[in-house]
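1. need coordinates for the following:
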Amino acid sequence: MPINQDNRSHKQRLFYLRVIFFLAIGLLLSRQWFLSILEYRRYQALAERNQFRTVPLPAPRGLILDRDGRALVQNTFGFALVLFREEAFELERVLDFLEANLSLDRERLERRIREANQYSLYEPVVLQQSLSLEDMTFLLAHQSEHPELGINRRPRRIYPYGEVAAHLLGHVGEVSGEELQNPDFGSHRPGDIVGKFGIEKAYNRRLAGRSGEQRILVDSRGKTLQELQVTPPAEGEELGLTIHLDLQLAAEEALGDNPGAVVALDPETGEILASVSHPGFDPNAFARRLRPEQWEKLISNPDHPLQNRVIQGLFSPGSIYKLFVGLAGLELGVATLDTSAFCTGSIMLYGHPFRCWHAGGHGRVRLVDAIQHSCNVYFYLLGQQLGIDALSEFSRRLGLGQPTGIDLSGEVAGLVPSREWKKETTGNPWYAGETISVAIGQGPLNVTPLQLARAVGIVATGQTPQLHLVRGNQLIASQNQLDPPGFDMAHLKAVREGMWRVVNGQGTGAGARVEGLDVAGKTGTVQTISNRTRARLGEEVAAKYTPHAWFVGFAPRDDPAIVVAVIVQRGGSGSQSAAPIAGEVFRAYKNLALGAGGELAQLKAPSAIH
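-> So this is what the prediction gives:
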């Protein structure tokens, strides 16, 4: 081979090598320029995040105490799984890992990450609020593989008495997007635990406290190298309730497994002493995060265990309403204490027979007798003379058909009918015969147990205090305060006398009698289907529609310190079902209120609201 040909071959190779070398250098320089100039800020931030990590330190929620300082709601600590999104470069791989090894629902994880995308990239995403010990051990063993995953120590709510007072206390859950946008709900960050129901929700701002944060130094594997600056969390405010735990437990036990409600209050101060709604739920399940199947079971339960029947259950008041019809007759001048009626067991009005519950009749009765014996005929006639609009207006003076303003969320208004109401809702006129049914607490008349307890408390004392669950200056102000009714004391005494006879004078409330306490009250039995429907269904089928049973009363007679309202759904009669339950609550109150000297004293909170 000629020498010049060999030289040309070497020169050609060197040329190609030079081209490749300069191309490589050019690519490296362009890449360096791209990273150093165009992507400088992004990689600077990522470099910092590879070294420093900000971990939220959620604040423990404030304790909730009964009136004697006993903890009804406490805190413990658990561990949550969090994702540091800025370090999750292979998100699909992370989700595969969690789905396969921790059995976490992938769809739920993806939804949580999508929801978090509207917030800062550097805001950790809580993927699972409560980790088991096994899951924590597994995650720590694989920390080097997944430094984008972390374990965050977080306070967790504990309800030591389980279902006791669950509807009153409420439960907590993870903050929603809507709540994050609501300034009235407090300052929160994604993943925070907030009140969702009951006192937990109504007083969330005070209970929540203020979260802190910790800045830590980590290596490329996510392992903590050094703890740096710490801003400690501020624990939430402690709330003292008016509830007395022992009385609450007694009321829970007295109601037992019966569906219904019990509420006890101080008619002078407006303090709620006990509040029971059954069936109930365990708020601890919400604190641990409900599984979808658990939630579905709760909301599909036909007995509605999440409903607080004390403030959300709507029922006709039955014969309890006769107290207010009688008082209205006296106050509005339609009747006097001597006005009487003769009861033969039924009466013809507007061409229709209206029956008394006592087929043989009560004979000649005046107001006090009519209350004692719950004579329908007397109140049919009195209601006829008053008319529906007068009854409606008077009922609202007692707080019926409107929220009480109790410091709980979700309270319903109920309904007191009037001519105007019927015209607006149905387009039809009010018929006189409908007033006759309303006069004995039936028809389109719906109240909550708390409304009925407050109304009887007004009869007992003549006062209209603000009903409340939280003591002292912690109380949320109410916009539903009733004006003082200004009732004639002689009229109130007459109604109270009739109520005392119901319990102590061979009336239907003997089951509520407590030796040494002087209880006064009234029973009620509420039809759940009309007589026409009962006849259409036949007695065998209609027997399934057992009436609701009421008792509402107060004690002691001459210095009322407690009002108790009881409703037992499908309980039959008030005398058989509701009155004995109220009697147990009154008995428990007496035992608690007896001072060292043996004299009855009210259960006073340290700072009562008047």
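2. okay, now the unreliable bits of the stretch 51-200 of the chain?
-> 51-52 (pLDDT under 70).
3. one more time with 80, if that's ok
-> 51-56, 86-88, 115-123, 177, 180-191 (pLDDT under 80).
4. now do the chain
-> 1-56, 86-88, 115-123, 177, 180-191, 213-229, 288-292, 472-480, 528-545, 594-610.
5. adjacent strands (with direction) for the longest strand seen in the chain?
-> Counting by DSSP state E, the longest strand found in the chain is strand 71-83. Paired strands of strand 71-83, with direction, are strand 64-65 (antiparallel), strand 125-128 (antiparallel), strand 149-158 (antiparallel) (DSSP bridges).
6. hmm, who's touching the following helix or strand past the second one?
-> If I follow you right, that is strand 125-128. Following strand 125-128 in sequence order, the next helix or strand is helix 133-141 (DSSP states H and E). Residues outside helix 133-141 that contact it (Cβ atoms under 8 Å, 6 or more residues apart in numbering): 79, 81, 101, 102, 128, 131, 146, 149, 151. Bear in mind the C-beta positions are built from the backbone N, C-alpha and C, glycine included.
7. right, and the second one touches residue 125 too?
-> No: Residue 81 sits out of contact with residue 125 when judged by Cβ atoms under 8 Å, with a separation of 9.4 Å.
8. neighbour count winner among these two?
-> Between residue 81 and residue 125, residue 81 has the larger neighbour count (other Cβ atoms under 10 Å), namely 22 against 19.
9. circling back to that earlier point, between the strands paired with strand 71-83, which one is nearest to residue 434?
-> strand 64-65 (45.0 Å; Cβ to Cβ).
10. from the chain's centroid, how far away is the closest one?
-> Relative to its parent chain, strand 64-65 has a centroid offset of 16 Å by Cα atoms, centre = their mean, to the nearest Å.
11. next: stretch 368-383.
-> The answer for stretch 368-383 is 37 Å, by Cα atoms, centre = their mean.
12. about what we covered before: could you pull out the buried residues of the longest strand of the chain?
-> Judged by neighbour count using 16 or more other Cβ atoms under 10 Å, the buried positions of strand 71-83 are 71, 72, 73, 75, 78, 79, 80, 81, 82, 83.
13. and if you look at stretch 149-163?
-> 149, 150, 151, 152, 154, 155, 156, 157, 159, 161, 163.
14. before we move on, what about stretch 426-446?
-> So, applying 16+ other Cβ under 10 Å, buried residues of stretch 426-446: 430, 434-443, 445-446.
15. please apply the same query to stretch 101-114.
-> 102, 104, 109, 112, 113.
16. quick one, which of the strands paired with strand 71-83 is nearest to residue 317?
-> Using Cβ to Cβ, the nearest of these to residue 317 is strand 64-65, at 31.5 Å.
17. run through who's touching the closest one.
-> By Cβ under 8 Å, 6+ apart, strand 64-65 touches 71, 72, 73, 169, 199, 200, 207, 238, 239, 240, 241.
18. mind checking how far the third one is from residue 237?
-> The span separating residue 73 from residue 237 equals 13 Å under the rule Cβ to Cβ, to the nearest Å.
19. do the same with the fifth one
-> When Cβ to Cβ is the yardstick, residue 199 and residue 237 sit 12 Å from each other.
20. who has more neighbours, these two?
-> Per other Cβ under 10 Å, whichever of residue 199 and residue 237 has more neighbours is residue 199, with 25 against 15.
21. quick one, what contacts the residue nearest the centre of the chain?
-> Nearest residue to the geometric centre of the chain (Cα atoms, centre = their mean): residue 198, 3.2 Å. By Cβ under 8 Å, 6+ apart, the residues touching residue 198 are 166, 167, 168, 169, 170, 171, 308, 408, 409.
22. excluding sequence neighbours, find me the nearest residue to it.
-> residue 170 (2.2 Å; Cβ to Cβ, 6 or more residues apart in numbering).
23. list the contacts for that neighbour?
-> So residue 170 contacts 195, 196, 197, 198, 199, 200, 201, 202, 283 (Cβ under 8 Å, 6+ apart).
24. can we see that at 10 Å?
-> Contacts for residue 170 (Cβ atoms under 10 Å, 6 or more residues apart in numbering) come out as 64, 73, 159, 195-204, 283, 286, 308, 408-410.
25. restricted to helices, list the residues you listed.
-> Using DSSP state H, the subset of the contacts of residue 170 located in helices is 198, 199, 200, 201, 202, 204, 283, 286.
26. the contacts of residue 198 in strands, which ones?
-> residue 171.
27. among the contacts of residue 198, which one sits closest to residue 178?
-> Nearest member of these to residue 178, counting by Cβ to Cβ, is residue 409, at 14.5 Å.
28. okay, buried residues for stretch 515-529 please.
-> 517-529.
29. with secondary structure added, can I get these in JSON lines?
-> Output for the buried residues of stretch 515-529, formatted as JSON lines (DSSP: H, G, I helix; E, B strand; the rest coil):
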{"residue": "517", "secondary structure": "coil"}
{"residue": "518", "secondary structure": "coil"}
{"residue": "519", "secondary structure": "coil"}
{"residue": "520", "secondary structure": "strand"}
{"residue": "521", "secondary structure": "strand"}
{"residue": "522", "secondary structure": "strand"}
{"residue": "523", "secondary structure": "strand"}
{"residue": "524", "secondary structure": "strand"}
{"residue": "525", "secondary structure": "strand"}
{"residue": "526", "secondary structure": "strand"}
{"residue": "527", "secondary structure": "coil"}
{"residue": "528", "secondary structure": "coil"}
{"residue": "529", "secondary structure": "coil"}
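30. mind putting those residues into a markdown table with distance to residue 425?
-> Output for the buried residues of stretch 515-529, formatted as a markdown table (distance: Cβ to Cβ, whole Å):
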| residue | distance to residue 425 |
| --- | --- |
| 517 | 43 |
| 518 | 43 |
| 519 | 39 |
| 520 | 36 |
| 521 | 33 |
| 522 | 29 |
| 523 | 31 |
| 524 | 25 |
| 525 | 27 |
| 526 | 21 |
| 527 | 22 |
| 528 | 22 |
| 529 | 21 |
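31. quick one: contacts for the closest residue to residue 188 other than its chain neighbours?
-> Excluding the flanking residues, the one nearest residue 188 by Cβ to Cβ, 6+ apart is residue 175, at 4.8 Å. Counting by Cβ under 10 Å, 6+ apart, residue 175 touches 126, 182, 185-186, 188-196, 204, 208.
32. the closest residue to residue 289 other than its chain neighbours and residue 155, how far apart?
-> Distances taken as Cβ to Cβ, 6+ apart put residue 129 closest to residue 289, at 4.8 Å, once the chain neighbours are dropped. Separation of residue 129 from residue 155 (Cβ to Cβ): 11 Å.
33. re earlier: out of the strands paired with strand 71-83, which gets nearest to residue 232?
-> Going by Cβ to Cβ, the one of the strands paired with strand 71-83 nearest residue 232 is strand 149-158, 12.9 Å.
34. compute the inter-axis angle for that closest one and helix 133-141.
-> 150 degrees (axes from the mean of the first three to the mean of the last three Cα atoms, to 10 degrees).
35. how many residues are close by the closest residue to residue 392 other than its chain neighbours?
-> In this structure, residue 392 finds its nearest non-sequential neighbour in residue 418, 4.0 Å apart by Cβ to Cβ, 6+ apart. Using other Cβ under 10 Å as the criterion, residue 418 is surrounded by 20 other residues.
36. same thing with the one 3 residues further on?
-> The number of residues packed around residue 421, counting by other Cβ under 10 Å, is 17.
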